[in-house]
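Enquirer: could you look at this predicted model? Sequence included:
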Amino acid sequence: MSQGGKALRRSIRELRRATPASERIAAAERLAERLMALPFAPRDGHVAGYWAVDGEIGLHAWQLRLPSTLTYCLPVLHGDVLRFAPWRPGDALVSNRYGIPEPDVAIDNLLAADDMALVVAPLVAFDARCRRLGMGAGWYDRSFAFRRGRAAPPWLVGAAFASQQVDAIAAEPWDVPMDAVCTELDTLAAPQESR
Ligand SMILES: Nc1nc2c(c(=O)[nH]1)N(C=O)[C@@H](CNc1ccc(C(=O)N[C@@H](CCC(=O)O)C(=O)O)cc1)CN2
Ligand SMILES: Nc1ncnc2c1ncn2[C@@H]1O[C@H](COP(=O)(O)OP(=O)(O)OP(=O)(O)O)[C@@H](O)[C@H]1O
């Protein structure tokens, strides 16, 4: 990652953390509406969200609106990839190496990335082509590398505040483009040729 990329990550993460609470709450509600309205929103199966940290836009409003035919899951770090586990409010959590809470489940009960029908991915920055810049450890890129040569599902949707949009994110060879990015203001669809 270039120095530019590191500086961009730092400045956007600062901006993201500075979003006032009242704005965050309203934005999470608007985001939930947009996620529910996605043309490819699945009716049943597993969907993955994330436990918002570091000023990320929250997914609790979306989780609350999901029909009972969908099972909400959270990511779990496993080796060098993400696996997923169902989580409902009140279920046990443990902190991972980054201090992010994840479901406290036995390895045998973890689900694979391709068991998900739709995955809402956190991001630091995105562009109009639905390219995603994450925290910089490559977890989503490694875990969903199989989507580079294969159609959805799982559908990959980035979630962010509209303020996290940048002009262009330089494509790295391993980047996995999102099918869409939802913010409190917009739903952006990826250009057809990059899906
Ligand atoms: N809410 C949430 N969950 C997530 C992610 C995410 O971006 N957001 N991830 C998306 O990939 C994975 C975790 N990836 C992460 C990568 C780097 C750092 C991080 O904070 N790094 C520190 C320095 C390293 C450290 O503390 O050990 C930093 O950048 O300041 C956190 C999570 C899985 N779960
Ligand atoms: N498919 C892959 N196979 C092997 N290594 C990979 C793969 N994808 C990403 N990586 C590694 O992960 C590192 C970080 O990638 P990048 O900076 O694009 O992460 P990110 O998308 O910002 O982070 P994250 O997905 O964790 O939010 C890369 O330098 C690369 O070494």
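Expert: Ah, there it is. These numbers were taken from a predicted model, which means no experiment stands behind them. Numbers count the residues shown, from 1 in each chain. Ligands and ions are numbered 1, 2, ... in the order given.

Enquirer: check what pLDDT residue 55 gets.
Expert: Predicted confidence (pLDDT) for residue 55: 97.

Enquirer: I figured residue 85 hits residue 72, correct?
Expert: No. Using C-beta atoms under 8 Å, residue 85 is not in contact with residue 72; the gap is 10.2 Å. To be clear about C-beta, it is placed using only N, CA and C from the backbone, and glycine gets the same treatment.

Enquirer: which SSE is the most centrally placed residue in the chain in?
Expert: The centre of the chain sits closest to residue 121, judged by C-alpha atoms, centre = their mean, with a distance of 1.0 Å. Here residue 121 is covered by strand 116-122, with elements defined by DSSP states H and E.

Enquirer: what are the buried residues along that strand?
Expert: Buried positions in strand 116-122, judged by neighbour count with 16 or more other C-beta atoms under 10 Å: 116, 117, 118, 119, 120, 121, 122.

Enquirer: what about that strand, near ligand 2?
Expert: No. Strand 116-122 lies out of reach of ligand 2 by C-beta under 6 Å from any ligand atom, never closer than 7.0 Å.

Enquirer: is ligand 1 within reach of the helix or strand just after that strand?
Expert: Where DSSP H and E defines the elements, the next helix or strand beyond strand 116-122 is strand 125-126. No. With C-beta under 6 Å from any ligand atom as the criterion, ligand 1 is not reached by strand 125-126; the gap is at least 11.9 Å.

Enquirer: what residues sit buried inside the helix or strand bottoming out on mean pLDDT in the chain?
Expert: Least confident helix or strand of the chain, by mean pLDDT, DSSP states H and E, is helix 3-17 with a mean of 89. Neighbour-count burial for helix 3-17 flags 5, 8, 9, 12, 13, 16 (criterion: 16+ other C-beta under 10 Å).

Enquirer: what does the following helix or strand past it contact?
Expert: Once helix 3-17 ends, the next helix or strand along the chain (criterion: DSSP H and E) is helix 21-36. Residues from elsewhere that reach helix 21-36 (C-beta atoms under 8 Å, 6 or more residues apart in numbering): 19, 41, 57-62, 64-65, 120, 157, 159, 161, 182-187.
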